[in-house]
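Engineer: This is the structure alone, sequence omitted:
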DNA sequence: CTGTATTGTTGGCTAACTGCCACTATATAG
DNA sequence: CTATATAGTGGCAGTTAGCCAACAATACAG
């Protein structure tokens, strides 16, 4: 079939002939709680993989989602009621095996939020719960979500090394020690106290807002910090390690 | 409709009811030539956007493409005949406006290869040519490809700062000065000669393979290098700036 | 053959940053 | 008051980065 113009083409076009993959968006929502990195999972209520645990996500609604990011924000909000400041795309994966319904593509996002009990979230979601990453070995996950979680966790680790991403996981205000613990847990490494403080404070991204002892804490009161006003852009950008 | 089991579900499932987005893969293939960063574009022979310049790419073939990466490799090879060592996913973009046919998602990849005239590529592709990035202002690009090129170029710049990615754009062997020029063009910055050499040589990713004067060059002959055997994994990994 | 231009390579200095560890400060528990 | 726990600082040695000048090896003009 030949067309004479764009308008002519579009008038005759429809998508029926394409064997098109399914497209989903999945969101790995991470938090730190009780010393463990946790991810929010939902127990699937429908086939396929009914009863297994899955990342919040699903099909794009092409009638209401303006774009992929908006779709991810919608899915995050449906499950947590939170409009997370840190929600970003990790990658997309697609193949013919990951979903029994056929060739499918998922756009994987990750979010980082301060911990709250799932009961505090939107009431209708009662099959959602936080799972510590090191307890995922024993449960059945839907689709390729075990692999997706691993990919998102890896990205989280890498970005932590050169941004101040961990501030998103803390309730404000926070102490430098709490921030260091967050860095350490997300990076899966231990950091030297003095060096850490030097770098964070030299970066001039935090402002001091008094001092106090965090609840349940002991010892000398610590200075309390929050992201400096006007530094919101820094919360997403490279802060450490300019490279070459 | 309710199902009694996974098998029952799958037997009755079909995808026709979903208003599913179109899915494409686009590849931004970059090279350096005559001091300019260039991208390979193809003149579209069909509607929509017939006659405009576009990134190599198109629909996934769910019958022959094993996964997204394989699809990207196929599209790269169709246009260049090259199996590029550096081909990686940048991001995915999806919305209802980028393609006149409707809501669509594209998985954007970028590749970096040494320059060769497009005539050296697969003969059947005669509407492909290299475009210097700074000359794209004057031509008509298809879909949102101007934006996709900008996104890929940004990723290229960022990754150059902490990897040895520019070695992929040079014919081997190369001199340290050539490598420095490649870094500078990809990062859009100037680097200090001694510091650059220190870091590159300390990283122990190059091996010396004699010396000579690159064609058309003047002055003292330079040591020639190529990626050290067994260092292929380093060509993709973070080399500079360990972060925290 | 000699001088000059051009490019490659190295030495060495200062300033900044990092890792390390000990020391001081301020709270609570008993 | 004493012991313990946590917060914050001082200071040094080793490493790295930026800077720039000196030196080396070639081509080419005359």
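Structural biologist: Here it is on my side, so go on. Just so it is clear, the model here is predicted, and its values are computed rather than measured. Numbers count the residues shown, from 1 in each chain, chains lettered A, B, ... in the order given.
Engineer: what helices or strands is the helix ranked longest in chain A leaning on?
Structural biologist: Assignment by DSSP state H gives helix A:145-160 as the longest helix of chain A. The elements that helix A:145-160 packs onto, with contact taken as 3 or more C-beta pairs under 8 Å, 6 or more residues apart in numbering or on different chains; DSSP states H and E, are strand A:22-33, strand A:36-43, strand A:87-95, strand A:104-112, helix A:176-187. The C-beta positions use only the backbone N, C-alpha and C, and glycine is treated the same way.
Engineer: Reformat those as CSV; add mean pLDDT, mean neighbour count and distance to residue B:79.
Structural biologist: Formatted as CSV, the helices and strands packed on helix A:145-160 follow (pLDDT from 0 to 100; neighbours: other C-beta atoms under 10 Å in any protein chain shown; distance: least, C-beta to C-beta, whole Å):
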stretch, mean pLDDT, mean neighbour count, distance to residue B:79
strand A:22-33, 97, 23, 25
strand A:36-43, 96, 20, 39
strand A:87-95, 98, 21, 21
strand A:104-112, 97, 26, 22
helix A:176-187, 96, 19, 40
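Engineer: and the longest helix of chain A, what's its mean pLDDT?
Structural biologist: For helix A:145-160, mean pLDDT rounds to 97.
Engineer: And DNA strand C, is it touching that?
Structural biologist: No. Residues of helix A:145-160 contacting DNA strand C under C-beta under 7 Å from any atom of the strand: none, with a closest distance of 14.7 Å.
Engineer: buried sites along that helix?
Structural biologist: A:145, A:148-149, A:151-153, A:155-156, A:159-160 (16 or more other C-beta atoms under 10 Å in any protein chain shown).
Engineer: quick one, domains of chain A?
Structural biologist: A:20-159, A:163-235 (automatic domain parsing).
Engineer: residue in chain A nearest to DNA strand D?
Structural biologist: residue A:219 (2.4 Å; C-beta to the nearest atom of the strand).
Engineer: For that residue, what are phi and psi?
Structural biologist: Backbone dihedrals for residue A:219, given as degrees, to the nearest 10, come out at phi 80, psi -170.
Engineer: Now do the same contact list for it.
Structural biologist: If a contact means C-beta atoms under 8 Å, 6 or more residues apart in numbering or on different chains, then residue A:219 has residue A:213 as its contacts.
Engineer: in chain A, what spans have low per-residue confidence?
Structural biologist: Under the criterion pLDDT under 70, the flagged ranges of chain A are A:1, A:9-10, A:12-18, A:122-126, A:233, A:242-244.
Engineer: who in it is up against DNA strand C?
Structural biologist: A:192-195, A:198-199, A:202, A:213, A:218-221.
Engineer: got a list of contacts for stretch A:145-153?
Structural biologist: Contacts for stretch A:145-153 (C-beta under 8 Å, 6+ apart): A:26, A:28, A:30, A:37, A:39, A:53-55, A:90-91, A:93, A:106, A:108, A:110, A:133, A:136, A:141.
Engineer: which of those come close to DNA strand D?
Structural biologist: Within the contacts of stretch A:145-153, nothing lies near DNA strand D by C-beta under 7 Å from any atom of the strand.
Engineer: So the helix or strand containing residue A:211, near chain B or not?
Structural biologist: Per DSSP states H and E, residue A:211 falls inside strand A:206-212. No. Strand A:206-212 stays clear of chain B (C-beta under 8 Å from any C-beta of the partner chain), getting no nearer than 15.4 Å.
Engineer: What strands flank that strand, and is each parallel or antiparallel?
Structural biologist: strand A:222-227 (antiparallel) (DSSP bridges).
Engineer: what bridges to the residue lying closest to residue A:175 once chain neighbours are set aside?
Structural biologist: Counting by C-beta to C-beta, 6 or more residues apart in numbering or on different chains, the nearest residue to residue A:175 once its immediate chain neighbours are dropped is residue A:222, at 3.9 Å. Beta-bridge pairing for residue A:222 (DSSP bridges): residue A:212.
Engineer: what's the closest of the buried residues of helix A:145-160 to DNA strand C?
Structural biologist: The closest of those, once distances to DNA strand C are taken by C-beta to the nearest atom of the strand, is residue A:160, at 14.7 Å.
Engineer: Excluding residues flanking it in the chain, which one is nearest residue A:188?
Structural biologist: That would be residue A:157: by C-beta to C-beta, 6+ apart, it lies 6.3 Å from residue A:188.
Engineer: Please apply the same query to residue A:37.
Structural biologist: For residue A:37, ignoring the flanking residues on the chain, the nearest one in space by C-beta to C-beta, 6+ apart is residue A:133 at 5.0 Å.
Engineer: From the structure, what's the count of residues near the one you found?
Structural biologist: Using other C-beta atoms under 10 Å in any protein chain shown, the number of residues around residue A:133 comes to 14.
Engineer: List the contacts of it.
Structural biologist: Counting by C-beta under 8 Å, 6+ apart, residue A:133 has contacts A:36-39, A:149, A:153.
Engineer: repeat that for 7 Å
Structural biologist: Residue A:133 makes contact with A:37-39, A:153, according to C-beta atoms under 7 Å, 6 or more residues apart in numbering or on different chains.
Engineer: still on that earlier bit, could you list the buried residues of the strand holding residue A:211?
Structural biologist: residue A:206.
Engineer: which residues sit against that strand?
Structural biologist: Counting by C-beta under 7 Å, 6+ apart, residues outside strand A:206-212 touching it are A:173, A:200, A:221-229.
Engineer: Repeat the analysis, applying 8 Å as the threshold.
Structural biologist: A:173, A:200, A:221-229, A:231.
Engineer: Report the separation between residue A:29 and residue A:184.
Structural biologist: Separation of residue A:29 from residue A:184 (C-beta to C-beta, to the nearest Å) stands at 21 Å.
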